[in-house]
Structures are given as structure tokens and as C-alpha cells.
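# Prediction below, plus the sequence it came from.
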Amino acid sequence: MTERALLVTVEFHSMPRQTPLEDFAKELEALASSAGLQVIQNLKARQKAPNPALLVGEGKAQEIKALVAGEKIDVVVFGMNLSATQQRNIEALVQAKTIDRTQLILDIFAQRARSNEGKLQVELAQLNYLLPRLTGKGIALSRLGGGVGTRGPGEQKLEVDRRRVRERLARLSRELSKLQERRSQSIRKKKEKELPLVSLVGYTNSGKSTLFNALTRASVTVRDQLFSTLDTTTRLLILPGNQRVFLADTVGFVRALPHTLVEAFKATLEEARQADLLLHVVDSSRPDAGLLVEAVNCVLDELGIRHEKVILVLNKADLVSSGKTSALVNYAGGESAFVSAKTGEALQELCLKIADFLSGGRDTAEIFVPKERLGLAHWLYEEGQVLERRNTALGAHFMVRLTDKAKRIFVSRLGRADSLT
């Protein structure tokens, strides 16, 4: 049965933030809908400072209590994080399950996790969040009645015994460390093939998966909802000039992404950490696009991912006026590309930009292949970027971009060093 939710977004004068209250409230509503809640009302409030006992003032708390009773609310969702004491006090007052923004995001991740690695990461984040909120003999706040905020990955019920939680946390950490090492080894093996790694990063629902599918002809699930992608997917991408790269689609970010999630998902974001190039995808149709760019950069900083090589991909160009296009390009400052993953607009230009960015590791060489060895020419097309081919009676001259390793391999196969100039 769908739970009826009352959302509460509060802005404090003593804690100013860049994001307007209305935008923050809209995002909370989108998160609640993604979690499967029926939003009955989105209550917004402004006050001087947080109330240590209830977060909101006494008057607002009584208003919430009346709405819960009058609208038959099942769950109250706060747009800010609640302390264990605040959560307990509010639940006692309003007589309804109460969760905060972090719990809501964790619940969405629990619903979306499909791979074993994803499930382990979500459970680790949930238990780290839950542990300080366990009291007495292990009775967890907000754990009565089930539903949003109470389920782990795969609909399992979260463990609420303190000792068992600590044991489970230790075991999960060990398992994730092994998984992270295996993922790092997998990335290293890919790099041994001398194929660059390009990672998509960006705010959730910015169109990363749509762009990934459009570029690689993959079939990653695409939905108009937050966090539709949780597990990293990697595919081969063929760029102009037959340059081949690995392209990775990663989990999206939100403003003030819970620290427990950032820590837990470090393994999944290893592709972004080790990438040769980041494609930072932005929904350019949103009025707060600039703030979203900054929010993603903050998460990347927290993860220790700071790349010199970044292309800001301003997606959804089909929904943006020419005036805003110019403003966003000016805001981007560095390298940028205005595209539409949905219509395919300017995707070829984006691929050319990617190829230009990654050509630094390749040198241009002129190679002569004798007529009797032209059967090897296909290797140059597969492993290099052939810029020019000139056929003669004796064979063919190729102008090609190759890595040093690829040059050595080709010369070895050809059996003559004088073919390379």
C-alpha cells in the first residue's frame, strides 16, 4: 500500500544556503516520489535557528501534528537531517513515522540496488546511519510499521541489534574492500590494453544514461526519476578515426549527498577516480543548472576526484533557448559541449572533442606496409587512428596515430623496423 507523506522543508536564517527554499522543496518532493510515496502536502517554513529538540519551532510542530491527524499521514519526511533526539521527539509528538532526507535517499538506493556490490554498499551506508539511532536493547527509531525508511536492499528488514550491527558493519567493510580491489584490478587490465577510460558524472536525472545509450548503443535502463542508475556500466565507444575508449556510466549525485553514501560508494565510483577524462553531464534546461554543477563538484572534491580533463556536457539542448545556451557556455568557462542525448543533436561534435582530448597519448607516425603484407593493415585501423592512406605499386603509406606500445607491436608483426618513420 502506498504511504501518504507530509514533507517538511525548513530554511534557517542562521544557516544560509545557495539553493532557494522552493528548489530544495521541489527536490525533496521528487525524492519522495522516487521512493514511492504519495505526497499529500509539502510544508515549507523559515525560522531563525534550529530547535535542538524538534528542529522546527513549537508552533510549526503543532501544525505538523494537526496535519498528520487530519490528512491520515503515514510518514513525515524532513528535508534536513535530524538528530536521533529530534527524530524521537517528533515521532512522539505527531504519532507518525518520521524520517529525514538521508533516510529517504538511502531507501531509494535500497530499492534500486541490483548487483551484489550495490546491495553491500547500500546496506553499509544504512547501518552506519542507523547505529547511532539504536537505543536500549536495539529498538530502532522509526522501525515500526515497515515501509519507506525501514527496508534494506532487496526488501530485507534492517538489522536493529547493536552488537549484530557492528559485526555486520565489519563484515561488509571487509567484503567491499575485496570488491574495490577487484574493481581496481579490472580497471588496470582495461588500461593495459591502452584504451582510455572516460566516465560520465553528473547530477541525478541529468540524462547520463540516455547519453550513454546514445553513444554506445547500449540499453541501460532510462527512467524519468532520481537515481535510476546505481550500478556502474562500462561499454566500448568507437570515436572518429576508429579511436576506441571505454565509457562508464556512474551513479548520479544530489545536493548534500549523505556522507555515509559517499563513503560507501567509493568502490562504485572508482571508474570516475581513475578516468582519463570526465564528461560532466548537466541538465541545461533547469534554471538552477549552475548550482547543480557546483553541487557535483563538491561531491567529486569529497571523493578526492579532481580532474584537469573535464568536458562539461550541457545536455537537453532541445529544451533550451539560444539565449540561455550562450549564458551556460560562458558559465562553463572551460571545455564544453551543448548536446541533446534524446535527439542526437551535436553528439558527433562531442565525440570529436573527446577524441581531441585523448589524442595526447598518441604520436603521429608514417608507416609503410609492403604489398605482400597489406593483410596487416586492418590492425592499424583497429589499434590506431588512421589519418591518411596512400596506395602505391609497392604497398601503402599510412599516416596514423598510435601509442608507443602499439608501434612496437606493429613493427614486430611486420618484421621490419625501417617501415616506421
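Good, I have the coordinates. Numbering: from 1, shown residues only.

# other SSEs contacting whichever strand or helix holds residue 351?
In the assignment (DSSP states H and E), residue 351 maps to helix 347-358. Judged by 3 or more C-beta pairs under 8 Å, 6 or more residues apart in numbering; DSSP states H and E, helix 347-358 is in contact with helix 208-216, strand 233-239, strand 243-249, strand 277-283, strand 310-315, strand 336-338. C-betas here are computed from N, CA, C, even on glycine.

# Could you rerun that using 10 Å?
Identification of packing neighbours for helix 347-358 by 3 or more C-beta pairs under 10 Å, 6 or more residues apart in numbering; DSSP states H and E yields strand 197-202, helix 208-216, strand 233-239, strand 243-249, strand 277-283, strand 310-315, strand 336-338.

# Report the buried residues of that helix.
Within helix 347-358, the residues that count as buried by 16 or more other C-beta atoms under 10 Å are 347, 350-351, 353-355, 357-358.

# Of all the helices and strands packed on helix 347-358, which one comes closest to residue 303?
The minimum distance between residue 303 and the helices and strands packed on helix 347-358 falls on strand 197-202, with 9.8 Å, by C-beta to C-beta.

# so what strands line up beside the closest one?
strand 243-249 (parallel), strand 277-283 (parallel) (DSSP bridges).

# Just name the most buried of those.
Of all the strands paired with strand 197-202, strand 277-283 has the most neighbours on average by mean count of other C-beta atoms under 10 Å, namely a mean of 24.

# list the buried ones in the lengthiest helix in the chain?
With secondary structure taken from DSSP state H, the chain has its longest helix at helix 162-192. Neighbour counts using 16+ other C-beta under 10 Å place 162, 165, 168-169, 172, 176, 179-180, 183, 187, 190 of helix 162-192 among the buried residues.

# Kindly present the residues you listed as a markdown table, with separate columns for distance to residue 92 and pLDDT.
Listed next are the buried residues of helix 162-192 as a markdown table, based on distance: C-beta to C-beta, whole Å; pLDDT from 0 to 100:
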| residue | distance to residue 92 | pLDDT |
| --- | --- | --- |
| 162 | 21 | 76 |
| 165 | 23 | 84 |
| 168 | 28 | 88 |
| 169 | 28 | 88 |
| 172 | 32 | 88 |
| 176 | 36 | 82 |
| 179 | 40 | 79 |
| 180 | 41 | 75 |
| 183 | 44 | 74 |
| 187 | 49 | 72 |
| 190 | 53 | 64 |
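
# In JSON lines: these, plus distance to residue 373.
What follows is these, written out as JSON lines (distance: C-beta to C-beta, whole Å):
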{"residue": "162", "distance to residue 373": "71"}
{"residue": "165", "distance to residue 373": "66"}
{"residue": "168", "distance to residue 373": "61"}
{"residue": "169", "distance to residue 373": "61"}
{"residue": "172", "distance to residue 373": "56"}
{"residue": "176", "distance to residue 373": "50"}
{"residue": "179", "distance to residue 373": "45"}
{"residue": "180", "distance to residue 373": "45"}
{"residue": "183", "distance to residue 373": "40"}
{"residue": "187", "distance to residue 373": "35"}
{"residue": "190", "distance to residue 373": "30"}
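
# Pick the one among the residues you listed closest to residue 43.
residue 165 (32.6 Å).

# thinking again about what came up before, any idea which of the strands paired with strand 197-202 gets closest to residue 363?
Here strand 243-249 is closest among the strands paired with strand 197-202 (C-beta to C-beta), at 13.6 Å.

# surely residue 31 meets residue 100?
No. Contact between residue 31 and residue 100 fails when scored by C-beta atoms under 10 Å: they sit 11.2 Å apart.
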